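In: I would like to see how this sequence folds:
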Amino acid sequence: MKSNHPPIPTLLRPRDLPLVGMSTHRFRGLVRSGAYERVSRGLYLNPVADHSELLTVAEVFMRVPKAIVCLYSALEFHGIGTQWPKKLWIAIDRRARVPRLGDFDVRIVRFSGPLLTEGILDRQSDGVPWRITSPARTVVDCFRYRRKFGLDAALEALKDGIRSRIVSPGELSAMAVRCRIGSVMRPYLEAVSA
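Out: Reported below is the predicted structural model:
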């Protein structure tokens, strides 16, 4: 027999109840019955739903929908290098207020202007849309933030990205120019491509 109710989403915020066609009364009943449990302020999880390995990303993007997965977290996602982070690295608009993320282990950097849209890919996990820097943009950002994270990590990302054919020197050069860091990356690209 078919249910009259839409499927229960994996993650849910009370303010999204009208979007999924659920009443506050029904939601409270689901929480009481254990169909949802509170994971952080204003965010509930269906504990029996199939979760992806990217559940933490989905949870963070429920709280900060305009963020972008970047730098070390994007390197890990794209399989570039060996710099696997313990924290989720996200970028937010330079003018945005710092979000309250409670127990989530997140590191925040600031992007502005075209860096908020250039080389950004749309993804989805556990029913939640999120964004991430493309492989080429991720390597370029490593050079942009080389003083903060170290030139060795940026060089490793550059070499591994090209060696594993995840990015090409041409893609990197074009992205570096669009992100206004072409002159910084040119000598490193020439050395690796030689």
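
In: if I look at residue 8, what pLDDT would I see?
Out: On pLDDT, residue 8 comes in at 64.

In: give the contact list for the residue nearest the centre of the chain.
Out: Nearest to the geometric centre of the chain sits residue 69, at 2.5 Å (Cα atoms, centre = their mean). Neighbouring residues of residue 69 by Cβ atoms under 8 Å, 6 or more residues apart in numbering: 57, 77, 88, 89, 90, 130, 131, 132, 133. C-beta here means a position set from N, CA and C on the backbone, and glycine is covered the same way.

In: average pLDDT across the helix or strand hosting the second one?
Out: When secondary structure is defined using DSSP states H and E, the element that contains residue 77 is helix 71-78. The average of the pLDDT scores along helix 71-78 is 94.

In: roughly how far apart are the residue nearest to the centre of the chain and residue 188?
Out: 24 Å (Cβ to Cβ, to the nearest Å).

In: do residue 28 as well
Out: For residue 28 relative to residue 188 (Cβ to Cβ), the value is 57 Å.

In: thought residue 138 was touching residue 75, still the case?
Out: Yes - if you go by Cβ atoms under 8 Å, residue 75 and residue 138 touch, sitting 5.8 Å apart.

In: point out where the chain drops to low pLDDT.
Out: 1-8, 50-52 (pLDDT under 70).

In: all strands for it, in order.
Out: 11-12, 37-40, 43-45, 68-69, 88-93, 106-111, 120-125, 128-133 (DSSP state E).

In: quick one, which of these is packed in tightest?
Out: Ranked by mean neighbour count, those are led by strand 68-69 with a mean of 26 (mean count of other Cβ atoms under 10 Å).

In: got the domain ranges for this structure?
Out: 11-45, 55-193 (automatic domain parsing).

In: highest average neighbour count across the ones you listed?
Out: domain 55-193 (a mean of 18).

In: between the two ends of it, how far is it?
Out: 38 Å (Cα to Cα, to the nearest Å).

In: do stretch 69-84 as well
Out: Note: stretch 69-84 ends 14 Å apart using Cα to Cα.

In: relative to the whole chain's centre, how far out is that stretch?
Out: Averaging C-alpha positions (Cα atoms, centre = their mean, to the nearest Å) puts stretch 69-84 10 Å from its chain's average.

In: please apply the same query to stretch 119-134.
Out: Using Cα atoms, centre = their mean, the offset of stretch 119-134 from its chain centre is 6 Å.
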